[in-house]
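In: 3D, please:
(one chain, ligands or ions: 2)
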Amino acid sequence: MEFDVVIVGGGPSGLSAAIKLKQLASAADKEVSVCLIEKGSEVGSHILSGAVLEPRSLNELLPDWRELNAPLDTPVTEDKFMFLTKNNGFRLPTPKSMKNHGNFIISLGNFCRWLGQQAESLGVEIYPGFSASEILYTDSGAVKGVVTGDMGVDKYGNPTDAFMPGMELHAKQTIFAEGCRGHLTKSLFERFNLRDGKDPQTYAIGIKELWDIEPNKARPGLAWHSIGWPLKSDTYGGSFLYHLNSNQVAVGYVVGLDYDNPHLSPFEEFQRFKNHPAVRETFLGGRRVAYGARALNEGGFQSVPKLTFPGGCLIGCTAGFLNVPKIKGTHTAMKSGMLASEAIFENLNSKSEEVDSYESKLKSSWLWKELHTVRNIRPGFSRGLWFGLANAAIDTYLLFGKAPWTFHHKPDHESLKRAKDSPKIEYPKPDGIVSFDRNSSVYLSGTNHEENQPCHLTLKDDSVPIEHNLALYDAPEQRYCPAGVYEIISEDGQSPRLQINAQNCVHCKTCDIKDPSQNIIWKSPEGGGGPNYPNM
Ligand SMILES: Cc1cc2nc3c(=O)[nH]c(=O)nc-3n(C[C@H](O)[C@H](O)[C@H](O)COP(=O)(O)OP(=O)(O)OC[C@H]3O[C@@H](n4cnc5c(N)ncnc54)[C@H](O)[C@@H]3O)c2cc1C
Ligand code: SF4
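Out: Numbers count the residues shown, from 1 in each chain. Ligands and ions are numbered 1, 2, ... in the order given. Okay, here's the model as predicted:
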């Protein structure tokens, strides 16, 4: 199928790019065909975020969003920033970057569903349930589109009765909007050397639950964040509790993937966090209704790769535009999509295959300035919480983000120390009231993969999990995976082996990032598989 533009991914960046293209085409009275594919069973079903939305980009893209019934119905009314010790909580002044006056607490999944409707009403062809599995190239090496994955292939790679071959989608320009750690984007980095001269991208894992709480505990509009317990001061991370309308609370925990103790489990840290005296009370008498996890970018300004290449470009979190001190990447993802579309629209009839003007537009936009100003804050925390806080205060309030230096990053997969040199961590058993185990959690993510399909979690070398990861790091994949996909099985008298329960995978991409020898490769499974998040 031939289109002017193909967009891979139906998150805020991809959908904003699609809407912008159609708006520009309509204003110029031109026809531009735009196709967007999304690996989730519907737009929004693979979206997991906090989320507090800064509406800056939305105001630019669809200024009449109120009349269009955008699902932004909980304005932030109060910010609380807490430091937790094991038994106490102390309120700290809210950092400038975390003040949310004028922002909205939303379900990003529902916001994307709504953006999808706006895009369709403008004529964008949206195909949910299809993942782009490979990139197609012209003879001269430019991207000419993508191919969607074959459906109905058994686990040995043979076609079944339900076999449906993948579709080739060709375009003048292909926009990659895969979100954090896009797997096609990874291959583009290599093919076009897009990361040359840039810092490595760094990441965190965010684990989230949605709760129905007792109405007398609801504080719609409260955005509550904490740092400190249960993490030690050498590990970056913290929590959020966002009180939505309708007696719901979105609660989540974010852990920087540069942690060094292989015994650490982000999932268990989150579960024990909910038992803190300042937190537990909110959930007593309530009901957990959804669970999920997703990686997020933390590299910021210095990790943004080259964004264009012949035949395509990168937008949103697959490029890495998240503003870490704000814990917000939606407004920047949307803005990058809009700028890419402006540049592509202006160049659709040009002979040049690479739309360099996207990068120049981006660099003269508020987005670039915003990321540049905060570039030294997250790396300061790699020296621990106290240095990080002091550095953040000096950088924000004395230097105004204009320090003449830029701190650099190391790749997250290099940070683990040996298990024998790291303190073991004893996690409490879940109480089944506010804390839970992985299996019951994954159940609430609605995750489903056709079991008889090739495993989408592949190993470069089958011997590494036991001979390297287990031997040196006590198999950390058992702990960093929030869905219990990786298990070391030691049957009587047999050597231990790694079992991969790929059907549980919630597509967070943490294994692809944190595996110490980069041996695990996440590939897109059959389209439509994965989590089915309701309103995450
Ligand atoms: C726990 C957590 C809390 C956060 N809190 C906030 C917050 O409060 N405020 C805020 O502004 N931001 C927040 N963020 C960040 C925000 O969610 C992201 O910045 C934003 O979602 C990025 O948008 P995107 O379109 O680039 O990617 P995504 O939202 O990740 O969307 C990418 C889409 O592409 C699809 N896709 C990927 N690969 C393929 C493929 N090969 N084929 C087809 N489809 C594909 C995915 O299924 C997905 O639907 C948070 C993130 C996390 C994880
Ligand atoms: S297998 Fe990997 S991508 Fe899937 S849930 Fe586990 S860590 Fe995340």
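In: phi and psi next, for Ser226.
Out: Backbone torsions of Ser226, given as degrees, to the nearest 10, read phi -140, psi 150.
In: list the contacts of it.
Out: 81-84, 89, 238-239, 273, 278-279 (Cβ atoms under 8 Å, 6 or more residues apart in numbering). Just so you know, the C-beta spots here come from the backbone N, C-alpha and C atoms, and that holds for glycine as well.
In: out of the residues you listed, which are inside helices?
Out: Using DSSP state H, 273, 278-279 are the members of those that sit in helices.
In: output those residues in a markdown table; the columns should cover pLDDT.
Out: As requested, these are exported to a markdown table (pLDDT from 0 to 100):
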| residue | pLDDT |
| --- | --- |
| Phe273 | 98 |
| Ala278 | 95 |
| Val279 | 97 |
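In: picking that back up, what's the closest of the contacts of Ser226 to Phe345?
Out: Checking the contacts of Ser226 against Phe345 with Cβ to Cβ, the nearest one is Gly238 at 39.9 Å.
In: got the contact list for that closest one?
Out: 225-228, 231, 253-254.
In: neighbour-wise, which one of those residues leads?
Out: Tyr253 (26 neighbours; other Cβ atoms under 10 Å).
In: wait, a helix at that one?
Out: No - read with DSSP: H, G, I helix; E, B strand; the rest coil, Tyr253 is strand and lies in no helix.
In: look up the closest residue to it, ignoring the ones flanking it.
Out: Nearest non-adjacent residue to Tyr253, counting by Cβ to Cβ, 6 or more residues apart in numbering: Phe270, 3.7 Å away.
In: if I look at that neighbour, how far off is ligand 2?
Out: Separation of Phe270 from ligand 2 (Cβ to the nearest ligand atom, to the nearest Å): 14 Å.
In: residue contacts, that residue?
Out: Phe270 sits next to 207, 239, 252-253 when contact means Cβ under 8 Å, 6+ apart.
In: may I have the secondary structure class of it?
Out: Under three-state DSSP, Phe270 falls in the helix class.
In: what is the neighbour count of Gln518?
Out: For Gln518, the neighbour count with other Cβ under 10 Å is 14.
In: just the contacts of Gly238 that are near ligand 2?
Out: Applying Cβ under 6 Å from any ligand atom, the subset of the contacts of Gly238 adjacent to ligand 2 is empty.
In: any idea of the pLDDT on whichever residue of the stretch 51-200 of the chain sits closest to ligand 2?
Out: With Cβ to the nearest ligand atom as the measure, Arg181 is the residue of the stretch 51-200 of the chain nearest to ligand 2, at 8.9 Å. For Arg181, the pLDDT comes out at 98.
In: and what of Ser246?
Out: Listed pLDDT for Ser246 reads 89.
In: how about it, what does it touch?
Out: By Cβ under 8 Å, 6+ apart, no residues touch Ser246.
In: next: Lys514.
Out: Contacts of Lys514 (Cβ under 8 Å, 6+ apart): 257, 412-413, 416, 476-477, 480.
In: rewinding a little: let me have the contacts of Gly238 in a markdown table, adding distance to Glu354 as columns.
Out: Listed next are these as a markdown table, based on distance: Cβ to Cβ, whole Å:
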| residue | distance to Glu354 |
| --- | --- |
| His225 | 41 |
| Ser226 | 45 |
| Ile227 | 43 |
| Gly228 | 47 |
| Leu231 | 43 |
| Tyr253 | 41 |
| Val254 | 35 |
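In: could you pull out the helices for the stretch 51-200 of the chain?
Out: 56-61, 108-121, 183-191 (DSSP state H, counting those that start in this stretch).
In: among those, which is the most enclosed?
Out: Ranked by mean neighbour count, the helices of the stretch 51-200 of the chain are led by helix 108-121 with a mean of 22 (mean count of other Cβ atoms under 10 Å).
In: and Phe267, how many neighbours?
Out: Look at Phe267: counted by other Cβ under 10 Å, it has 23 neighbours.
In: please apply the same query to Lys198.
Out: So Lys198, with other Cβ under 10 Å, has 17 neighbours.
In: residues in contact with it?
Out: Here Lys198 is in contact with 302-306 (Cβ under 8 Å, 6+ apart).
In: do you know how far it is from His408?
Out: Distance of Lys198 to His408, given as Cβ to Cβ, to the nearest Å: 10 Å.
In: what touches both of the two?
Out: Gln302.
In: all strands for the stretch 151-300 of the chain, in order.
Out: For the stretch 151-300 of the chain, the strands defined by DSSP state E, counting those that start in this stretch occupy 151-153, 159-164, 168-176, 203-212, 222-228, 237-244, 248-256, 287-297.
In: which stretches of the stretch 401-536 of the chain form helices?
Out: Counting by DSSP H, counting those that start in this stretch, the helices of the stretch 401-536 of the chain are 438-444, 464, 471-473, 477-480, 510-514.
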